[in-house]
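Asker: Provided below are the primary sequence and the corresponding predicted coordinates.
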There are 2 protein chains.
Amino acid sequence: LTRIDSETRRRALGEALWRVVLREGIEAASVRKVAAEAGVSKGSLRHVFPSQSELLTFAMQLIHDEVTRRVAAVEASGDVRDMVERHLQSLLVLDPETRAVIDVWLAFAARARVDPSLRPLRDETHAQVRDLCRRSLETLRDQGRTRPELDLGLETERLHALIDGLAMHATLDPEITTPARQLEILSQHLDTLA
Amino acid sequence: LTRIDSETRRRALGEALWRVVLREGIEAASVRKVAAEAGVSKGSLRHVFPSQSELLTFAMQLIHDEVTRRVAAVEASGDVRDMVERHLQSLLVLDPETRAVIDVWLAFAARARVDPSLRPLRDETHAQVRDLCRRSLETLRDQGRTRPELDLGLETERLHALIDGLAMHATLDPEITTPARQLEILSQHLDTLA
C-alpha cells in the first residue's frame, strides 16, 4: 500500500468508527463492530488498529483536528464580542455529532487515568480548549469589553470549567441542559465579565 | 448470615474497594483485586457482587451517601454567605478521597450511557448536586445576598456546570486546578452574583 492508500483507508475507518459511536456510544465501539461497519475483516482492521486503545486514540485525534477546524472556521468579522462568543459556542454541545465527541472525550480521559500512553493526547486536547478560553478573554479585555482588572488566570479556568461542565451535563441530562440553555448561560457568563 | 453480618461484610468490602480505587483508579478495580484487598476469596466476593457493575453501583451508592453526609455536616451557623460557600466547597476536589469519588463518578456516568440499569442512581446523584446548587442560590437570594432579579434556573445550571467542570479538571490537571484555585473560583463566582 502507498501512503495515500493507507491514509484513505484510515479515514474510511475513522468515519465507520464515528457512525458506530453516534449510534451506540463509545463503550460499544469494539474493533469487531467498527470492522463490520466499514465492511472490512476484523483481521484487516487489527492490522491498522491493533487494539481498542489505538482505535480510541484515532477517534481522539479526529476530535483534536475537529476542534482546530471549528475554531479556525469562525469568521473574524463583525463585533468582537459576537466573534468571541461564536468561537466559544463551537465548544458547546449543540448537535448529536458534538454529543458523540464529548462521549469519546470523557471515555478517553477516563482510560488515560490508567493508560499513561494516552495522556499526551488527552493533555494536548485539554490545553487546546483552555488556550481558546484564554485567548477569548484576552481579546475581550484588550478591546475594552471586560473589566480592565480581570484576573486572566482565574477567569480562564472559570470559563473553561463552565464550558466543560455544560458539555458533560448536555450528554448526561439533555432535557435540562439543552442547546438553548447552554447558549444562554455562555452569553450570561460573558455579560458578567463586562 | 444475619442481616447485620451481611451489612458489616458489605461495608468492609466497600472500604477495600475504596482503597483499591484510591491507589489504582476505578478502571483497575476488578472483583479479583477487591477480593484480594479485603482478604476474601473471589468466589465469596462474587456471592455479594456478581459483576463489576454491582461493585461500581455499590461504590456509587457510597458516594451518594457521602454527598448527603457532607451536606448535612456543614454547620448552619455564622454568616449565610459563609455557610453556603462551605456547603458548595464540599463538592470541590480538595483531597485525594474526593478525587477518587470523582473518578468513580465519571466512570459510572460513562458506563451508564450503555447500561440503562445504572441510570437511576446516576440521575439521582446528578439531581442531588443540582438541588444543593439551587438551594444555595435560593438561600443567598432570600437573604438579599444576590441581585433580586436572579434567574434561578439559569444560575443553578451555571453554578452546577462550573462545579462539575472544576471537579473534572482537578482530576485531569491537578497542577493547574489546585484546591486553592477551586476555592478562589467558587468565591469569585458567588461574588459576581451579588
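Answerer: Ah, there it is. Residues are numbered from 1 along each chain as shown, chains lettered A, B, ... in the order given.
Asker: From now on I want contacts and neighbour counts done on CA atoms only, so please keep to that.
Answerer: Fine.
Asker: how long is stretch A:91-98 from one end to the other?
Answerer: Using Cα to Cα, to the nearest Å, the end-to-end distance of stretch A:91-98 comes to 8 Å.
Asker: can you check stretch A:163-181 too?
Answerer: 12 Å.
Asker: which residues sit against it?
Answerer: A:91-95, A:99, A:102-103, A:182, A:186, B:109, B:154, B:157-158, B:160-166 (Cα atoms under 8 Å, 6 or more residues apart in numbering or on different chains).
Asker: now it, how far from the centre of its chain.
Answerer: Centroid separation for stretch A:163-181 versus its chain: 14 Å, with Cα atoms, centre = their mean, to the nearest Å.
Asker: Near chain B, which residues of chain A are found?
Answerer: Residues of chain A found near chain B (Cα under 8 Å from any Cα of the partner chain) are A:24-25, A:27-28, A:103, A:106-107, A:109-111, A:113-114, A:154-155, A:157-158, A:160-166, A:169, A:172, A:177, A:181, A:184-185, A:192.
Asker: Generate a ChimeraX selection restricted to the buried entries among those residues.
Answerer: Command for ChimeraX that selects the buried part of the residues of chain A next to chain B, burial taken from 16 or more other Cα atoms under 10 Å in any protein chain shown:
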select /A:25,103,106,107,109,110,111,113,154,155,157,158,160,161,162,163,164,165,166,169,172,177,181,185
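Asker: So which of the residues of chain A next to chain B sit within helices?
Answerer: A:24, A:103, A:106-107, A:109-111, A:154-155, A:157-158, A:160-166, A:169, A:172, A:181, A:184-185, A:192 (DSSP state H).
Asker: State the mean pLDDT of the longest helix anywhere in chain A.
Answerer: Ranked by number of residues, the top helix in chain A under DSSP H is helix A:119-142. The average pLDDT within helix A:119-142 is 92.
Asker: what helices or strands is it leaning on?
Answerer: Judged by 3 or more Cα pairs under 8 Å, 6 or more residues apart in numbering or on different chains; DSSP states H and E, helix A:119-142 is in contact with helix A:52-73, helix A:80-89, helix A:96-112, helix A:152-172.
Asker: Where does pLDDT dip in chain A?
Answerer: A:1-4, A:74-77 (pLDDT under 70).
Asker: what's the spacing between A:L91 and B:P148?
Answerer: Taking Cα to Cα, one finds A:L91 at 31 Å from B:P148.
Asker: out of the two, which sits in the more crowded spot?
Answerer: A:L91 (21 against 13; other Cα atoms under 10 Å in any protein chain shown).
Asker: Now do the contacts for that one.
Answerer: A:67, A:163, A:167.
Asker: For the helix or strand harbouring A:G14, buried residues please.
Answerer: For A:G14, the host element (DSSP states H and E) is helix A:3-24. Residues of helix A:3-24 classed as buried by neighbour count (16+ other Cα under 10 Å): A:10, A:13-22.
Asker: and which of these is nearest to B:A35?
Answerer: Distances from B:A35 to those, taken as Cα to Cα, are shortest for A:V21 (33.7 Å).
Asker: Touching, that closest one and A:A28? I think so.
Answerer: Yes. At 7.4 Å, A:V21 counts as touching A:A28 under the criterion of Cα atoms under 8 Å.
Asker: Name the surrounding residues that touch stretch A:47-57.
Answerer: A:10, A:30-31, A:104, A:108, A:118, A:121.
Asker: In that stretch, which residues are buried?
Answerer: For stretch A:47-57, by 16+ other Cα under 10 Å, it's A:49, A:53, A:55-57.
Asker: same thing with stretch A:26-40?
Answerer: A:26, A:29-32, A:34-35, A:37-38.
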